[in-house]
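K.L.:
quick one: sequence plus predicted model below, questions after.
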Amino acid sequence: MAVRAILTPSDEPISRARMIANRLSQAIRLGLIRDREQFPSEAKLAEQLSVSTVTLREALATLREQGLVTTRRGREGGTFVQAPADPSQWLGQRLRQFSTQDLRDLGDHRAAIAGMAAFLAAQRAVADEIADLRNQVERLRAARTVNERHRADTQLSIEIAAAAQSPRLTHEALRLRAEVGDLLWLQLDDAEHAASVLARTHLVDAIAGREPDRARLLAEQNVTAETIRLLSLRMQCYSDELVTDDHDIAVNGRVSGAGTA
Amino acid sequence: MSSQVRTAGELFGDLVRAFGRVFADLDALAEHARKVAATSRTLVRDDLVPLREGIFDILTRHRGLVAGTGIVTAPGLLADAPRWLEWWWMKSSGSPEELRVNLDPAAPDFFDYTRADWYATPERVGERHVAGPYVDYACTNDYAVTLSTPIRRGKRMVGVAAADVLVSSLERHVLPVLSGFDRAVALTNADGRVIASNSPTWAPGYRVPTAARTSLVAKHRPHHASIESWLLVDVEAS
């Protein structure tokens, strides 16, 4: 399953800590872990997430920096959730984990994986798989909330990689999605959502039409469009002065969150 | 060529028998699950714990072939979990490990197994099924086929008993035979998807075009439907 897929021992401890932090902050953002809820003990939580306590501590430190948890000492102490009041503020917090260089690089990696997956899927997918891809596009079309869109689109990209018959590409697609989290769907208006559904419809058409080169090109273009959108949002964070409280870190050429690396 | 056709027939026979043995154990597991489901009015997850002994037995007996096995429940069967997998996989150390997946429909990585071929087909057809090969990102995280058999209570399917077999394990049985052929041949499923081939240009996962799917093996009748649809095709000219 997905959690195990992204938590293979081959992943570096730092990036695992970052992924755990992303998963937990996403869970908080989506309300799966409620405001003011207390986390289990570090040992217990580490066991639940199948990570070492060292990795977990790093992840919790990142969440503290983001203001999503507080830790109180003493008999009534522990780590408690602090849900953000304003979702757009949360987007800024999430985005500021990435430099524009990080986002560009992540986009390159995603385009390489998505492009190759689409290319191979156009050669190898069988009728049932193509039918599943079409259903998945319809699910995405019908999705209304950030969470629904995130889930449907993630599932679509995973199913394309699986239709390529490649466990490695699928694993990589899952890992990259975990890294991106729900960033791609935050503050996405209905027109943007409709455009993204149309782009995916064309992609699945190319796979169904057995056009590998076209499928690759469309998949790469989709990722590039998403990357440009993220980059422009990230640049807004700078111009909105959201970055001021991180100034000391930014001076060192790193942004908040990435600073733990 | 005729001796190779016979060998191809034997290969099918071996595969059918190996899968038949796994299916026999899955049927026993399904029967045990059916009895459990029949005893209590409100079932909970703990009621499935006695099934573990049979699950571990399958992992041990078919070690090297079966990578993971267990049962999954139809939505609503258990009172304390809408969906549930009592599913175990064999660690390289030889001890079974419980599979943990996200069964929360609201989660981004929600695993909706009711849509998986190995669940949906037995539900629709009411019979044993061999799904795949496919990228099994839920359990083995590898390229696999899944053998599944329905658990029935009356006419209703209340779950399936299933087992994952890695394509890489299958090829250890198949390729020694195929490598003896003097032509390029590929074992494929009904969709023409290559499971194993002696040709480097037809690696597992490739799709043999419909026009090229001529079976080397005359129509034969193994006693379950799924593997019967598999083909051994001549891909020398393709």
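P.N.:
All right, it came through fine. From a predicted model like this one, the values you see are computed outputs, not experimental measurements. Numbers count the residues shown, from 1 in each chain, chains lettered A, B, ... in the order given.
K.L.:
mind listing what the residue of the stretch 101-250 of chain A at minimum distance from chain B touches?
P.N.:
Using Cβ to the nearest Cβ, A:Gln165 is the residue of the stretch 101-250 of chain A that sits closest to chain B, at 3.1 Å. Quick note: C-beta positions are derived from backbone N, CA and C, even for glycine. Applying Cβ atoms under 8 Å, 6 or more residues apart in numbering or on different chains to A:Gln165 gives the contacts A:Leu120, A:Arg124, B:Pro133, B:Tyr134, B:Val135, B:Tyr143, B:Arg193, B:Pro204, B:Gly205, B:Tyr206.
K.L.:
closest to A:Arg23 among the residues you listed?
P.N.:
B:Val135 (22.0 Å; Cβ to Cβ).
K.L.:
and the contacts of A:Gln165 as a markdown table, adding secondary structure, distance to B:Arg83 and pLDDT?
P.N.:
Compiled in a markdown table, the contacts of A:Gln165 are given as follows (DSSP: H, G, I helix; E, B strand; the rest coil; distance: Cβ to Cβ, whole Å; pLDDT from 0 to 100):
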| residue | secondary structure | distance to B:Arg83 | pLDDT |
| --- | --- | --- | --- |
| A:Leu120 | helix | 31 | 98 |
| A:Arg124 | helix | 30 | 96 |
| B:Pro133 | strand | 25 | 95 |
| B:Tyr134 | strand | 20 | 95 |
| B:Val135 | strand | 21 | 94 |
| B:Tyr143 | strand | 25 | 93 |
| B:Arg193 | strand | 28 | 94 |
| B:Pro204 | coil | 31 | 91 |
| B:Gly205 | coil | 29 | 93 |
| B:Tyr206 | coil | 34 | 91 |
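K.L.:
any of those residues buried? List them.
P.N.:
Among these, those scoring as buried are A:Leu120, A:Arg124, B:Pro133, B:Tyr134, B:Val135, B:Tyr143, B:Arg193, B:Pro204, B:Gly205, B:Tyr206 (criterion: 16 or more other Cβ atoms under 10 Å in any protein chain shown).
K.L.:
where's the residue of the stretch 101-250 of chain A closest to chain B relative to A:Trp185, distance?
P.N.:
Distance, A:Gln165 to A:Trp185, using Cβ to Cβ, to the nearest Å: 28 Å.
K.L.:
got a list of contacts for stretch A:22-41?
P.N.:
If you take Cβ under 8 Å, 6+ apart as the criterion, stretch A:22-41 is touched by A:3, A:45, A:48-49, A:59-60, A:62-63, A:66, A:68-69, A:78-84, A:87, A:90, A:94, A:147, A:178-179, A:181-182, B:104, B:106-108.
K.L.:
all helices for the stretch 151-261 of chain A, in order.
P.N.:
A:167-180, A:190-208, A:212-239, A:247-251 (DSSP state H, counting those that start in this stretch).
K.L.:
what's the mean pLDDT across the last one?
P.N.:
Taken as a whole, helix A:247-251 carries a mean pLDDT of 39.
K.L.:
rewinding a little: return the member of the contacts of A:Gln165 nearest to A:Ala208.
P.N.:
Nearest member of these to A:Ala208, counting by Cβ to Cβ, is A:Arg124, at 12.5 Å.
K.L.:
ok, that closest one - contacts?
P.N.:
Counted by Cβ under 8 Å, 6+ apart, A:Arg124 has contacts A:Ala163, A:Ala164, A:Gln165, B:Arg193, B:Gly205, B:Tyr206, B:Arg207.
K.L.:
what do you get for B:Ala28?
P.N.:
So B:Ala28 contacts B:Gly54 (Cβ under 8 Å, 6+ apart).
K.L.:
list the buried ones in the host helix or strand of it?
P.N.:
If you go by DSSP states H and E, B:Ala28 is part of helix B:2-39. For helix B:2-39, a neighbour-count test (16+ other Cβ under 10 Å) marks B:4, B:7-8, B:11-12, B:15-16, B:18-19, B:22-23, B:25-26, B:29-30, B:32-34, B:36-37 as buried.
K.L.:
please apply the same query to stretch B:93-104.
P.N.:
B:Pro96, B:Leu99, B:Val101, B:Leu103.
K.L.:
measure how whichever strand or helix holds A:Ile113 sits relative to helix A:167-180, angle-wise.
P.N.:
Assignment of secondary structure by DSSP H and E places A:Ile113 within helix A:100-124. Orientation check (axes from the mean of the first three to the mean of the last three Cα atoms, to 10 degrees): helix A:100-124 against helix A:167-180 gives 150 degrees.
K.L.:
okay, now the domains of the chain?
P.N.:
Just so you know, I chose chain A. Domain ranges of chain A: A:2-85, A:91-239, per automatic domain parsing.
K.L.:
oops, chain B please
P.N.:
B:14-168, B:173-234.
K.L.:
worst average pLDDT in the ones you listed?
P.N.:
domain B:173-234 (a mean of 81).
K.L.:
is that one in proximity to chain A?
P.N.:
Yes. Residues of domain B:173-234 contacting chain A under Cβ under 8 Å from any Cβ of the partner chain: B:Asp191, B:Gly192, B:Arg193, B:Pro204, B:Gly205, B:Tyr206, B:Arg207.
K.L.:
and the first one, which of the three is it?
P.N.:
This points to B:Asp191. Recorded secondary structure, B:Asp191: coil (DSSP: H, G, I helix; E, B strand; the rest coil).
K.L.:
hmm, A:Asp128 and it touching each other?
P.N.:
Yes. At 7.3 Å, B:Asp191 and A:Asp128 qualify as touching, with contact defined as Cβ atoms under 8 Å.
K.L.:
of these two, which one has the most company?
P.N.:
B:Asp191 (18 against 14; other Cβ atoms under 10 Å in any protein chain shown).
K.L.:
tell me who's in contact with the more buried one.
P.N.:
Listed by Cβ under 8 Å, 6+ apart, the contact set of B:Asp191 reads A:Val126, A:Ala127, A:Asp128, B:Arg207.
K.L.:
could you export those residues as TSV, including distance to B:Glu228 and secondary structure?
P.N.:
Formatted as TSV, those follow (distance: Cβ to Cβ, whole Å; DSSP: H, G, I helix; E, B strand; the rest coil):
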residue	distance to B:Glu228	secondary structure
A:Val126	18	coil
A:Ala127	19	helix
A:Asp128	18	helix
B:Arg207	20	strand
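K.L.:
could you flag which of the residues you listed are buried?
P.N.:
A:Val126, B:Arg207.
K.L.:
chain A contacts on chain B?
P.N.:
Residues of chain B lying near chain A (Cβ under 8 Å from any Cβ): B:99-102, B:104, B:106-111, B:117, B:133-139, B:141-143, B:191-193, B:204-207.
K.L.:
OK, contacts around A:Ala118?
P.N.:
A:Ile160, A:Ala164, A:Leu203, A:Ala206, A:Ile207, A:Pro212, A:Ala215, A:Arg216, A:Leu218, A:Ala219.
K.L.:
ditto for B:Asp80
P.N.:
B:Val44, B:Arg45.
K.L.:
alright, I will stop here.
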